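Trainee: give me a model of this one.
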Amino acid sequence: MQFWPRVRAKRAHARVRTWPQVGQGISGFAGYKVGMTHLKITDNRSTSKTKGEDIFCPATIIECPPLKVAAIRFYKNSTYGSQPLSQILHSKLDKELAHNISLPKKEAKKIEDIKEYDDITLLVYTQPKKTGIGKKKPELFEIGIAGKLDEKLSYAQEKLGKEIGIEEVFKEGEQIDIHAVTTGKGFQGPVKRFGISLTSHKAEKARRNPGSLGGWKSQGHVMYRIAHAGQTGYHQRTEYNKHLLKIGTDSKEVEQKGGFLHYGIIKNSYIVVRGSVAGPKKRLIKFSHAVRPKKSIPKEAPAITYISQNSKQ
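Mentor: Okay, the predicted model is just below:
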């Protein structure tokens, strides 16, 4: 069954329940999926049969305009888990965000007024107007901060109202966890949804239906394990330990002739991740430090000798 329930995500960008406590500063970032290309790299995996050789590998490009900090949020531990205590909102917000931000009931004017808190996070928002995807409304979400409590507070005070770049959070060669919402495919049958085989030509029922609905004696209803039709795609998924191959600022190094298909031209910093990433183009992708990194993936980024810039138009 892999994942259950297979329901639509609540919004187009993923919800990250736990931010890893790695290093200092914010624990993740976000960017817009541009598309895929292929690279020629020198394989530096110690256990690989092609170690030291030049190999081709697929890669995904994600454009990462700077995130802007809107507020500092304080949390207090309770018997019901971590509960929001209060927040400090920046005095000057962008006009695209001023009417979209929801304020908590308890908002403090000064940090000195907030006492006995157990955790601090940053409320940040994206700046899609700096990209060429034709979107104006920013996405608003929280990002955790790594470090001790006093270090979190000093970092949050320093970044309130300012921009944070991708170069401040990650470095090349690092492993990251990708949080994204997959491409939606609507209401689909069990063959496409679960990959069941077609019934034989002697079957009594339909060709693309499951052959059995399970036992009817005990439970009195059809079990959830039976492959039935339903929502396919637009699910929140997390992919662990993706290798960050490159962090770049010059888009000419990866720009395809005529621009990327269904995306356009990269105007900000970007990252190149090995392999594929869930979701369609222009969708917001969140990524964080790896919570369980693999030892088989080297800590250094491989040397890139070639990046395909052929037109896909």
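
Trainee: how much space between the residue nearest to L244 when sequence neighbours are not counted and I247?
Mentor: Spatial nearest neighbour of L244, excluding adjacent residues (Cβ to Cβ, 6 or more residues apart in numbering): E174 at 4.9 Å. Placement of C-beta: from N, CA and C, glycine included. Between E174 and I247 the distance is 9 Å, computed by Cβ to Cβ, to the nearest Å.

Trainee: tell me the contacts of the residue nearest to L244?
Mentor: With contacts taken as Cβ atoms under 8 Å, 6 or more residues apart in numbering, E174 has the following neighbours: 244, 289-290, 299.

Trainee: buried set for stretch 176-190?
Mentor: Neighbour counts using 16 or more other Cβ atoms under 10 Å place 176-182, 189-190 of stretch 176-190 among the buried residues.

Trainee: so which of the residues you listed are in strands?
Mentor: 176-181 (DSSP state E).

Trainee: what residue ranges in the stretch 151-300 of the chain score low on pLDDT?
Mentor: Within the stretch 151-300 of the chain, not a single segment meets pLDDT under 70.

Trainee: for it, just list every one of the strands.
Mentor: 163-164, 175-181, 187-188, 230-231, 236-248, 270-274, 284-289 (DSSP state E, counting those that start in this stretch).

Trainee: beta partners of A180?
Mentor: Beta-bridge pairing for A180 (DSSP bridges): R237.

Trainee: quick one: V291 from Q21, how far?
Mentor: Taken as Cβ to Cβ, the span from V291 to Q21 is 9 Å.

Trainee: same question for H90.
Mentor: Taken as Cβ to Cβ, the span from H90 to Q21 is 25 Å.

Trainee: next: G186.
Mentor: 39 Å.

Trainee: where do the helices sit along the stretch 101-250 of the chain?
Mentor: Using DSSP state H, counting those that start in this stretch, the helices of the stretch 101-250 of the chain run over residues 149-159, 190-194.

Trainee: let me have those in CSV, adding distance to D43 as columns.
Mentor: Converted to CSV, the helices of the stretch 101-250 of the chain look like this (distance: least, Cβ to Cβ, whole Å):
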stretch, distance to D43
helix 149-159, 37
helix 190-194, 36
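
Trainee: which non-adjacent residue is nearest P58?
Mentor: H38 is the one closest to P58 (Cβ to Cβ, 6+ apart), at 5.4 Å.

Trainee: next: A278.
Mentor: In space, A278 is closest to A180, 4.1 Å off (Cβ to Cβ, 6+ apart).

Trainee: quick one, what contacts that neighbour?
Mentor: Neighbours of A180 in contact, by Cβ under 8 Å, 6+ apart: 13-14, 33, 236-237, 239, 277-279, 283, 285-286.

Trainee: go again using 6 Å as the cut-off
Mentor: A180 makes contact with 14, 278-279, 285, according to Cβ atoms under 6 Å, 6 or more residues apart in numbering.

Trainee: where does the stretch 1-150 of the chain have low pLDDT?
Mentor: For the stretch 1-150 of the chain, the stretches with pLDDT under 70 are 1-2, 98-109.

Trainee: ok so, going back, now the contacts of A180 as TSV including neighbour count and distance to A156?
Mentor: Listed next are the contacts of A180 as TSV, based on neighbours: other Cβ atoms under 10 Å; distance: Cβ to Cβ, whole Å:
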residue	neighbour count	distance to A156
A14	26	23
A278	21	30
G279	24	29
I285	25	24
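
Trainee: how about E239: what's its closest non-neighbour residue?
Mentor: In this structure, E239 finds its nearest non-sequential neighbour in I178, 4.5 Å apart by Cβ to Cβ, 6+ apart.

Trainee: how close does the one you found get to P66?
Mentor: 20 Å.

Trainee: next, find the distance separating the residue of the chain most remote from its centre from P190.
Mentor: The centre of the chain is farthest from one residue, K202, which by Cα atoms, centre = their mean lies 46.3 Å away. When distance is defined by Cβ to Cβ, K202 is 19 Å away from P190.

Trainee: one more: K295?
Mentor: 39 Å.

Trainee: so what's the closest residue to L140 other than its chain neighbours up against?
Mentor: Distance criterion Cβ to Cβ, 6+ apart; nearest residue to L140, sequence neighbours excluded, is Y125 at 4.6 Å. If you count contacts by Cβ under 6 Å, 6+ apart, Y125 has them with 68, 70, 97, 138, 140.

Trainee: show me these that map onto strands.
Mentor: Judged by DSSP E, strands contain the following of the contacts of Y125: 68, 70, 140.

Trainee: and the residues you listed, which is closest to S251?
Mentor: K68 (21.1 Å; Cβ to Cβ).

Trainee: I'd say the closest one and E163 touch.
Mentor: Yes. Assessed by Cβ atoms under 6 Å, K68 is found in contact with E163 at 5.3 Å.
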